[in-house]
Every structure is written in C-alpha cells, then in structure tokens.
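Peer 1: Sequence and computational prediction follow.
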Amino acid sequence: MSSTLNRNQVYLISYREDVVLFCSRVFQKIATVQRFNCVSEIPDKVPGIVVYDAIDNEITLELFQILKNSNHSLISIISPCICFTIQKKLKDFSAVWVYSNLSEYSRNEIESFVNEAARSEKNTFYYGNSIIAQSQSLQGLFTGISGGIQKFREDLQKVSRLDTPVLLLGETGCGKTTAARLIHELSDRRNGPFVHVNVGEVVPSLCESTFFGKTSGAYTDAKADTGFCHKSNHGIIFFDEIGLSKQMVQGSLLTFLENQMITPVGSTKSEKLDTRIILATNADIKSMIMDGSFRRDFFHRIDNHVLTIPSLRQRPEDIPYIAKQYIRDKKCAKFLSSQAIDKMMNYSWPGNIRELQHCMDRAMEDCLTEKIPAEAIDFGLFN
C-alpha cells in the first residue's frame with residue numbers, strides 16, 4: 001500500500017520521552033508538531049501526519065477507527081507490547097515503524113526519511129510502506145501510568161537537556177543505571193563516551209590514580225593510564241554507588257566536581273575536561289550527612305538536580321505494564337492471567353524491577369501453557 005503524507009501538521013502521541021524529544025526535533029522540519037496524550041484529541045478537520053508510539057493494543061485499535069474515516073497519514077513507532085495481529089494491520093497504514101526503541105541506526109534512517117520529505121516542493125510527500133529499522137533493546141523500566149513514574153519521566157526529560165550534575169536516588173534494582181544511560185542517550189552528548197564507575201569498588205588509597213590517571217613511574221610499578229575521568233571527556237561519567245564511597249574518595253573528587261580540572265598522579269600539569277557528571281546511590285544520603293559519613297561539601301557540589309526513582313512498592317499499578325512489556329521484549333508468546341497480575345500487584349518487590357524480571361524469567365521458563373497462572377509466579381526466597 002502506498003500513501004501520501006500531508007504536511008500541514010504533525011500530531012505526536014507518545015509517553016516515552018526519548019521518542020517525544022527525538023520526534024519533536026526531527027519532524028518540525030516538515031510541519032508544526034503538536035503533542036497529544038490520547039488519540040481522541042487529534043483534530044479531524046485538519047489533515048496531518050500522526051506520529052504514534054504504539055504501546056497499547058486497545059488504544060491502537062481506537063486509532064485505527066479514527067484514521068479509517070479521516071485524511072490523516074500514519075507513521076508508527078511500535079513497542080513490543082503490541083500484539084502480532086495489530087502489527088500486521090499496521091502495514092495498511094504505516095510508512096515507517098521501529099521496534100521498541102530509537103537506536104542510532106533507526107534515528108538516522110528516520111531523519112533521512114524526513115529530510116527527503118522536507119526537500120519535496122509539494123505539500124504532500126509520496127511514500128510506500130517500508131520497515132526502516134528493527135531494534136529489540138529493552139525500554140520498559142519506566143513505563144506505567146502512576147503519578148510517581150510520570151513525574152520521574154518528565155524530570156528525566158528536563159535534566160537530559162542540561163549539562164549540570166544529576167544525583168539519582170532509589171532502592172536497589174529500581175533502574176538507576178538505566179536512567180543514567182537514558183540521560184546520556186537523550187542528551188547532546190549521546191555521541192560521546194559513557195563511562196560507568198562503581199565507586200564502591202574503588203580502593204581509597206588508589207582513588208586519585210583511578211579517577212585522574214597516572215604517569216609511568218609515578219609510584220613503584222606504575223604504568224601510564226588516563227583514568228576514568230579523562231576517558232569520559234566530551235561525554236558522561238557515571239559514579240555509581242556513591243553512597244559507599246569513603247570520605248577520602250569524596251575528598252579526591254571535590255576539585256573535579258567544582259571545575260572539572262584533573263592532575264594525573266606523578267604529573268604537575270593540570271587539564272580541564274568537558275564532561276557531564278551523573279551519580280547514583282541507594283543510601284540514605286541525608287542520614288549519612290547528619291552522622292558525618294558523607295561530606296556535606298561534597299553533597300552541595302552534586303545537588304543541582306536530585307531525582308528519586310519510585311520503587312515498585314510505591315507504584316503497584318505500573319507492574320502489569322512493566323511485566324507485559326518485559327514478556328514481549330523476550331519475544332515470548334505467553335501472557336499473564338488476571339490472577340497472576342493480582343498476585344504480583346500485592347507483592348512488595350524488595351528487589352524492585354530486577355526482581356520482577358527474574359520472576360518473569362522463571363514464569364516464562366517453567367510455565368507449560370500459553371497463559372501464565374498465579375501458581376507460576378514464584379517470588380523465590382520471599383515466597
């Protein structure tokens with residue numbers, strides 16, 4: 001099936017902030033971009049391009065009905081949550097579709113597609129159906145409808161546009177590393193390095209050479225090394241588990257946090273870097289400051305933006321969305337029964353999303369039927 005794109009308007013519907021940011025930037029080359037929260041809000045009198053992030057089967061079917069009697073064109077970015085039947089039906093409408101996330105490859109392909117449309121002198125741009133990219137990487141940790149996770153997604157979008165330090169707080173397994181990588185992907189530094197440093201594993205006596213590098217012969221058997229901070233130049237450095245760091249380690253980072261100057265061990269030459277700093281911990285930083293185990297001057301160098309990821313215990317209504325998307329991402333044809341979903345929503349999930357994923361892995365492997373019953377939901381040690 002072939003169609004034409006009417007370039008009067010672009011109507012964007014998506015809850016995934018990486019999709020919103022990318023599409024808003026790219027599609028404004030060919031039309032005015034308006035964002036809507038639901039398909040029923042799309043104006044039916046002004047033809048345009050509907051850029052739809054398909055994350056829900058029922059909403060997708062509703063969109064089909066709207067488009068059937070309208071002059072709108074459709075470009076769909078498909079989530080793995082969408083069932084195979086709907087994915088087949090989308091071929092009757094779609095020009096472009098991308099599975100699960102926007103990889104570097106798919107971003108480039110979409111930009112090329114839009115640039116070609118922008119070069120067209122006519123108000124409509126002719127195209128044929130085509131799959132431009134298929135990417136299967138997991139993007140389901142922050143899905144959901146709860147107020148807490150929606151606010152977190154909004155905050156994540158805001159800080160991604162900035163260049164100041166970010167401190168991510170949250171319980172074990174809630175997705176702090178994924179959040180840090182998403183900030184990198186959404187930022188202007190996405191083409192630069194992302195350097196992950198587990199600060200809890202850094203030996204205090206070697207912290208300066210670990211962070212800032214060392215020259216050959218700086219101490220016995222020392223070999224030249226640039227250090228983690230220099231490796232992150234023009235990108236992002238992620239200091240994970242910062243709450244486990246000793247005061248000596250915190251002290252060594254103060255100057256770098258202040259002005260991004262580093263001096264390798266054994267050298268007298270300082271260098272100013274261009275890197276963004278993200279930190280994360282599951283510790284109670286406020287209590288640690290009060291008892292003196294976390295330096296107050298260190299905290300005030302990283303408190304520009306403090307984002308807290310809500311635990312699953314605080315957002316049980318999001319559990320079905322996360323679980324279903326995880327099953328789809330694993331390309332599994334099984335589905336959760338309503339009793340299984342109820343059982344999961346009434347569990348406290350001390351290990352948060354990581355524990356939920358392991359629970360889903362067990363259920364998908366052990367259940368012999370297409371429908372996963374409540375009996376197949378095994379919480380392991382906490383059963």
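Peer 2: Now that the structure is in, tell me what you want to look at.

Peer 1: Need the pLDDT of the nearest residue to Asn115 once chain neighbours are set aside.
Peer 2: Leaving aside its sequence neighbours, Asn115 sits nearest to Lys29 (C-beta to C-beta, 6 or more residues apart in numbering; 7.0 Å). For the C-beta atoms, the positions are set from N, CA and C on the backbone; glycine is no exception. Lys29 is assigned a predicted lDDT (pLDDT) of 80.

Peer 1: hang on, Lys29 packs against Val114?
Peer 2: Yes - assessed by C-beta atoms under 8 Å, Lys29 is found in contact with Val114 at 5.6 Å.

Peer 1: now the stretch 251-383 of the chain, which segments are flagged as low pLDDT?
Peer 2: Counting by pLDDT under 70, the low-confidence segments of the stretch 251-383 of the chain come to 382-383.

Peer 1: Give me the residue at the spatial middle of this protein.
Peer 2: Leu182 (3.7 Å; C-alpha atoms, centre = their mean).

Peer 1: Might you report the residue contacts of that one?
Peer 2: 18, 142, 156, 160 (C-beta atoms under 8 Å, 6 or more residues apart in numbering).

Peer 1: Tell me how many other residues surround Glu241.
Peer 2: The number of residues packed near Glu241 is 18, by other C-beta atoms under 10 Å.

Peer 1: do Phe256 as well
Peer 2: Count around Phe256 with other C-beta under 10 Å applied: 19.

Peer 1: for it, helix, strand, or coil?
Peer 2: The local conformation at Phe256, judged by DSSP: H, G, I helix; E, B strand; the rest coil, is helix.

Peer 1: Please name the nearest non-neighbouring residue to Phe194.
Peer 2: In space, Phe194 is closest to His184, 4.7 Å off (C-beta to C-beta, 6+ apart).

Peer 1: which stretches of the stretch 51-200 of the chain form helices?
Peer 2: 57-68, 84-90, 104-119, 147-160, 176-186 (DSSP state H, counting those that start in this stretch).

Peer 1: go on, the stretch 251-383 of the chain?
Peer 2: Using DSSP H, counting those that start in this stretch, helices in the stretch 251-383 of the chain cover 285-291, 296-299, 319-329, 338-345, 352-366.

Peer 1: Mean neighbour count, the helices of the stretch 51-200 of the chain: which tops it?
Peer 2: Compared across the helices of the stretch 51-200 of the chain, helix 176-186 shows the largest average neighbour count, a mean of 21 (mean count of other C-beta atoms under 10 Å).

Peer 1: Do me a favour and average the pLDDT over it.
Peer 2: 88.

Peer 1: Convert that helix to CSV, retaining C-alpha atoms only.
Peer 2: Extracted C-alpha coordinates of helix 176-186, given in CSV (Å, rounded to 0.1, in the frame of the first residue of the first chain):
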residue,chain,number,x,y,z
LYS,A,176,19.3,3.9,38.3
THR,A,177,21.9,2.7,35.8
THR,A,178,19.3,2.6,33.0
ALA,A,179,18.2,6.1,33.9
ALA,A,180,21.8,7.3,33.7
ARG,A,181,22.2,5.7,30.3
LEU,A,182,18.9,7.2,29.1
ILE,A,183,20.0,10.7,30.1
HIS,A,184,23.1,10.1,28.0
GLU,A,185,21.1,8.9,25.1
LEU,A,186,18.7,11.9,25.2
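
Peer 1: So what angle separates the directions of that helix and helix 104-119?
Peer 2: Put simply, helix 176-186 runs at 30 degrees to helix 104-119, going by axes from the mean of the first three to the mean of the last three C-alpha atoms, to 10 degrees.

Peer 1: returning to what we had before: can you tell me which of the helices of the stretch 251-383 of the chain is most buried?
Peer 2: Highest mean neighbour count among these (mean count of other C-beta under 10 Å): helix 319-329, with a mean of 21.

Peer 1: Packing partners of that one?
Peer 2: strand 335-336, helix 338-345, helix 352-366 (3 or more C-beta pairs under 8 Å, 6 or more residues apart in numbering; DSSP states H and E).

Peer 1: Centre of the chain to that helix, how far?
Peer 2: 15 Å (C-alpha atoms, centre = their mean, to the nearest Å).
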